[in-house]
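# Structure for the following, please:
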Amino acid sequence: MPDLTPDEFRRQGGAVLDWVARYRERLPALPVRPEVEPGSVRAGFGPLPEQPRPVEELLAELDRLVVPAGTNWQHPGFFGYFPANASLPSLLGDLLCGGLGAQGMLWSTSPACTEIEQALTDRLAAALGLDPGLTHGGGGGGVLQDTASSAALVVLLAALHRTSGGAWREDGVDGTERVYVTAETHSSLAKAVRVAGLGGRALRTVDTVPGTLAMSPSALAAALDADAAVGLRPVLVCATVGTTGTGAVDPVPEIAPLAAAHGAWLHVDAAWAGVAALCPEHRHLLDGVERADSFCTNAHKWLLTAFDASLLWVRDAVALPAALSITPEYLRDPASESGRVVDYRDWQVPLGRRFRALKLWAVLHAFGLEGLRSHIRDHVALAAELAARIEAAPGLALAAPPSLALVCLRADTGDPDADDEATRGLVDRVNSSGAALVTHTTVGGRHVLRVAIGSVATTRADVEALAALLGV
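Here you go, the predicted structure:
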């Protein structure tokens, strides 16, 4: 069956773009999270069409089945988890990506896909104030992964390869490998350890500094020394800049020399907070990253870029492909064998890859670096104002110091059990309103409400409406 003609594509594409625009226009009037019963969407999904149907019928089905049952992540009242900034310019970039239909597994399969990604990651490294050693011109390089979870897995594989002297590729793991995190480290590290075949016993949970949720350098040093003394092999230390729970920042400058002393790979996970370094006043968050082996931050959280687009930089552009490269005859070509090009297939787990850089490039064209800085600064300022109101409110308390645009709070009556129950009730009250959505965590065993400000559409009025729901 023939594809759409260009004229029919223009007509149908116009209808789709109009649908997206109308959906975004009506978002504020929709509940952030729907009230649906499990299985109801699946039950409403009709039979597959035997014959072609008009695009208008597909859009009508979205209105009937998808919108009423979707959690509206782009809603201005979305304060849960971390933001998922699918700005409209990034959607246009995604359309361009799909329109080109490039498969960028090798440099030769799409030179533009590879080299624009190289150029873009190098320029963004400079804009974030990263060490030039993490760029393609400095011996390392950047790559767009799908998520920070994938970034964690591939750097762990590179670390296994490097710390084993290359033996890991053929011999696999031997049970002596150890990976160091805290209880606040993202669960993707624990998953990476298991996917890599190390087993849960390989994961070492390091204590935090008393009174904080940041990794304790002294506890890390003790764990590294103790493991090395009995013949275990420190493979990777993960330091977090902006933990998911409370936005805590591990002391990377103090952690880096400890990891290096044991030959362990230091990975800095700044999936949410790292992009804040575009603003000079927040660049101190990346202190110590100049000594890290890898650094990750997500464009698809707070940088106005639609999911998925996770920026990963590595210092050693040899270790990563050495760990992951497998080259059957059908993937050999003169450009790859010349050593003059990067084949990004060797920087990730999948073989195939999309032209993700296009949507990030589209965002930069639409907003410019200054527009992105303004986006971040506005949310940080709104979070500071909300935190001040909570501090002044009777019966509420901050559960952790505000971190950029993340505010954590709890009920405070003096009775821990009553406080936890009241905090749960507060979460339920906000979420059942339909006007906003928040999530929770625990700090020191206490139930905590999280407010993550960052949606593309969120304004001061939306934060004030949330404050009213919180009673401040």
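# any low-confidence regions in the stretch 201-350 of the chain?
Applying pLDDT under 70 to the stretch 201-350 of the chain flags no residue at all.
# list the helices and strands the helix or strand where Arg410 lies packs on?
Using DSSP states H and E, the element containing Arg410 is strand 406-411. Helices and strands touching strand 406-411, by 3 or more CB pairs under 8 Å, 6 or more residues apart in numbering; DSSP states H and E, are helix 357-392, strand 396-398, helix 416-432, strand 439-443, strand 446-452. Bear in mind the C-beta positions are built from the backbone N, C-alpha and C, glycine included.
# Return the most buried member of those.
Mean neighbour counts were compared across the helices and strands packed on strand 406-411 using mean count of other CB atoms under 10 Å; the top stretch is strand 446-452, at a mean of 22.
# what angle do that strand and strand 406-411 make?
140 degrees (axes from the mean of the first three to the mean of the last three CA atoms, to 10 degrees).
# got a list of contacts for whatever helix or strand comes next after strand 446-452?
Remark: after strand 446-452, the chain's next helix or strand is helix 460-470, criterion DSSP H and E. Here helix 460-470 makes contact (CB atoms under 8 Å, 6 or more residues apart in numbering) with 76-77, 79, 382, 385-386, 389-390, 393, 396, 409, 426, 429-430, 433, 435-436, 438, 451, 453, 455.
# Now do helix 460-470: distance to the chain's middle.
26 Å (CA atoms, centre = their mean, to the nearest Å).
# Going forward, count from 874.
Taking 874 as the first residue, the last one we looked at is helix 1333-1343.
# pLDDT on it, on average?
For helix 1333-1343, mean pLDDT is 97.
# Output the helices and strands packed on strand 1279-1284 in TSV; the columns should cover distance to Asn1171 and mean pLDDT.
Compiled in TSV, the helices and strands packed on strand 1279-1284 are given as follows (distance: least, CB to CB, whole Å; pLDDT from 0 to 100):
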stretch	distance to Asn1171	mean pLDDT
helix 1230-1265	11	97
strand 1269-1271	25	95
helix 1289-1305	24	93
strand 1312-1316	17	94
strand 1319-1325	13	96
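# For Leu1185, which of those is the nearest?
helix 1230-1265 (13.0 Å; CB to CB).
# which secondary structure elements does the closest one contact?
helix 961-973, helix 984-1001, helix 1172-1175, strand 1269-1271, strand 1279-1284, helix 1333-1343.
# Just tell me which of these ends up closest to Met1088.
strand 1279-1284 (18.2 Å).
# tilt between the closest one and helix 1230-1265?
Orientation of strand 1279-1284 against helix 1230-1265 (the same axes, to 10 degrees) gives an angle of 30 degrees.
# Number of residues surrounding Thr1085?
A total of 16 residues lie near Thr1085 under the criterion other CB atoms under 10 Å.
# Could you find the closest non-adjacent residue to it?
Ala1121 (6.7 Å; CB to CB, 6 or more residues apart in numbering).
# thinking again about what came up before, switch the helices and strands packed on strand 1279-1284 over to JSON lines; also include distance to Ala1096.
Shown next, in JSON lines, are the helices and strands packed on strand 1279-1284 (distance: least, CB to CB, whole Å):
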{"stretch": "helix 1230-1265", "distance to Ala1096": "34"}
{"stretch": "strand 1269-1271", "distance to Ala1096": "30"}
{"stretch": "helix 1289-1305", "distance to Ala1096": "30"}
{"stretch": "strand 1312-1316", "distance to Ala1096": "23"}
{"stretch": "strand 1319-1325", "distance to Ala1096": "26"}
